[in-house]
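Q: Okay, predicted coordinates and the sequence, questions at the end:
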Amino acid sequence: MISVVCVFNDKRTLECNLIASLRQQSTEYTLLAVDNTTNQYTSLPKALNNAAKEATTEYLMFSHQDVYLIGKSWLTRAEAFCKTLGNTGAIGVAGVNDKGESVGFIVDRGRFWGTPIEMPVAAATLDECLVLIPRELFMKNQFDEGFRFHSYVSDLCLRFKRQNLDLHVIPCPVYHNSSTTPIFKAGNIEKDDSRLYLKHGEMFSTIYKTTGTLVADPSTSNVPNSLLSVIPVPMALSVHQFDVDKRVFAELSSGCSFLDLGVIPFEQLWILRAKKGLYSVGVSSSKPYLISSKRLKIHDEYILASTDYLPFQKGSFSSVLIKGLLEYNSKPNGVSTIQSAIYTADRKVVIVVQNNGYPFESHGEFFASVWTAKELRLLGFKTSGLHLRRDIQRLIKVIELLPFMKLILARFFPNQLSKDLLCVKTLPEK
């Protein structure tokens, strides 16, 4: 029998998703739901640990409130896998293997995530949306309450791996009907990722997660020791979902200043600014993003304002960077942002955007608009690719033997092969 443990902050979301699917199950279960609508818990692991103490069943299932179990026999099948898989620490529905490849298959915010599987697949870490753990094992290895809202499942997975326990993703798909903002809450995830890497980085030099990969960042090796001593902890990490090709640095460093629209957490900008002596300003309509970036001291100044209509005079900055912003806004708002950036920039406008909204690369995120190389060229941008799509990498096995071919194929065939685009518009002298 399974005890379902869930912390919720929206009762309607819980009832329409997790509870609605549980009521259709053909087997018995226990539901341990923790009401956090008043935000009494600032640590999700702490709330889950407290609730798990009330369980008496053989297995625990930790689930997000917006997960919907597909099929009336979902719990029956999941419990059967729990019983048959030996030496298992944890079981999930989505994860990443030791090569950084997505394993499992779910429907996340209306998009397919991963590839359908027929049998359990080994994983390096599991996604936090749903994970099953034997109760007795969990009571000896509870979630680390030092984490806030992210990375606590990855931490437990790595602790299990240290104990030589296996991790599996099972063929039990779910709907993940999250309506939350798709862009990561920078302060929370970076703080939690920093804690994760500090705990496990010595043993696992590369930590694969569904939200990105953490590695020791070789770019810091070229920074003077005096600068390294004041780099915040997250600066020593490279989170792949925010990774940008070095060509972006070259575009931004051609002037004396740059404006960052959206203030997506991209710590390498701090290194660029420190090394080149550039003046930079971050603009976002999201106060939490500004606060998080300010804590990391990425920019010199910060402004809370709409990115559609920028409060600057013509040609105020050498360059303007738009990254991780266009695809999360409507197409009209995106066009307004680009026009405002062109007006504000003196030399260049640099855009980094997901190419054509490929679901393989979105990690289940919902894109409010889709951008292609063709339409950005019509707006006067030169486009090239940054990183090769993962589904293409899996198809072209020779790439494993020739890693440099990834960048070449992505750069020169952006329309078909690149997961993200680098778009640069060089402006005439003003």
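A: Looks like it arrived, so ask away.

Q: low pLDDT regions in the protein?
A: 109-110, 179-188, 190, 216-246, 264-272, 274-275, 357-368, 386-418, 430 (pLDDT under 70).

Q: what about the helices in the stretch 101-250 of the chain?
A: For the stretch 101-250 of the chain, the helices defined by DSSP state H, counting those that start in this stretch cover 135-140, 152-162, 186-200, 225-228, 246-252.

Q: Give me the angle between the third one and helix 152-162.
A: Relative orientation of helix 186-200 and helix 152-162, computed by axes from the mean of the first three to the mean of the last three Cα atoms, to 10 degrees: 10 degrees.

Q: what about the longest strand in this structure?
A: Assignment by DSSP state E gives strand 345-354 as the longest strand of the chain.

Q: Run through the bridge partners of residue 350.
A: Under the criterion DSSP bridges, residue 350 forms beta bridges with residue 321, residue 424.

Q: Tell me how many other residues crowd it.
A: Look at residue 350: counted by other Cβ atoms under 10 Å, it has 24 neighbours. Any C-beta I mention is one placed from the backbone N, CA and C, and that applies to glycine too.

Q: now residue 371
A: A total of 22 residues lie near residue 371 under the criterion other Cβ under 10 Å.

Q: who does it bridge with?
A: residue 355.

Q: That one is in contact with residue 337, isn't it?
A: No. Counting by Cβ atoms under 8 Å, residue 337 is not a contact partner of residue 371; they are 11.6 Å apart.

Q: still on that earlier bit, would CSV of the helices of the stretch 101-250 of the chain with distance to residue 42 be doable?
A: Below are the helices of the stretch 101-250 of the chain laid out as CSV (distance: least, Cβ to Cβ, whole Å):
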stretch, distance to residue 42
helix 135-140, 22
helix 152-162, 13
helix 186-200, 10
helix 225-228, 31
helix 246-252, 35
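
Q: returning to what we had before: anything in contact with each of residue 371 and residue 337?
A: Residues touching both residue 371 and residue 337 (Cβ atoms under 8 Å, 6 or more residues apart in numbering) are residue 326.

Q: buried sites along stretch 157-173?
A: For stretch 157-173, the neighbour count (16 or more other Cβ atoms under 10 Å) marks 157, 158, 159, 160, 161, 166, 167, 168, 169, 170, 172, 173 as buried.

Q: Closest one to residue 343 out of those residues, please.
A: residue 173 (46.8 Å; Cβ to Cβ).

Q: Please name the residues that touch that closest one.
A: Applying Cβ under 8 Å, 6+ apart to residue 173 gives the contacts 70, 93, 105, 106, 107, 116.

Q: which secondary structure elements does the strand or helix carrying residue 383 contact?
A: Taking DSSP states H and E as the criterion, residue 383 maps to strand 382-385. Judged by 3 or more Cβ pairs under 8 Å, 6 or more residues apart in numbering; DSSP states H and E, the packing partners of strand 382-385 are helix 373-378, helix 404-412, helix 414-417, strand 420-426.

Q: buried sites along it?
A: Neighbour counts over strand 382-385 (16+ other Cβ under 10 Å) mark 383, 384, 385 as buried.

Q: and it, C-alpha only, in CSV?
A: The C-alpha trace of strand 382-385 is given here as CSV (Å, rounded to 0.1, in the frame of the first residue of the first chain):
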residue,chain,number,x,y,z
LYS,A,382,21.8,37.6,-38.5
THR,A,383,21.0,34.2,-37.0
SER,A,384,23.1,31.2,-36.1
GLY,A,385,22.6,28.2,-33.9
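
Q: chain center to that strand, what's the gap?
A: 24 Å (Cα atoms, centre = their mean, to the nearest Å).

Q: give the contact list for residue 305.
A: Residues near residue 305 by Cβ under 8 Å, 6+ apart: 283, 284, 285, 311.

Q: filter those to the buried ones?
A: By neighbour count, with 16+ other Cβ under 10 Å, the contacts of residue 305 hold 283, 284, 285 as buried.

Q: which one of these is nearest residue 213?
A: Closest approach between these and residue 213, by Cβ to Cβ: residue 284, at 25.1 Å.

Q: Give me the subset of the contacts of residue 305 lying in helices.
A: Using DSSP state H, no member of the contacts of residue 305 sits in helices.
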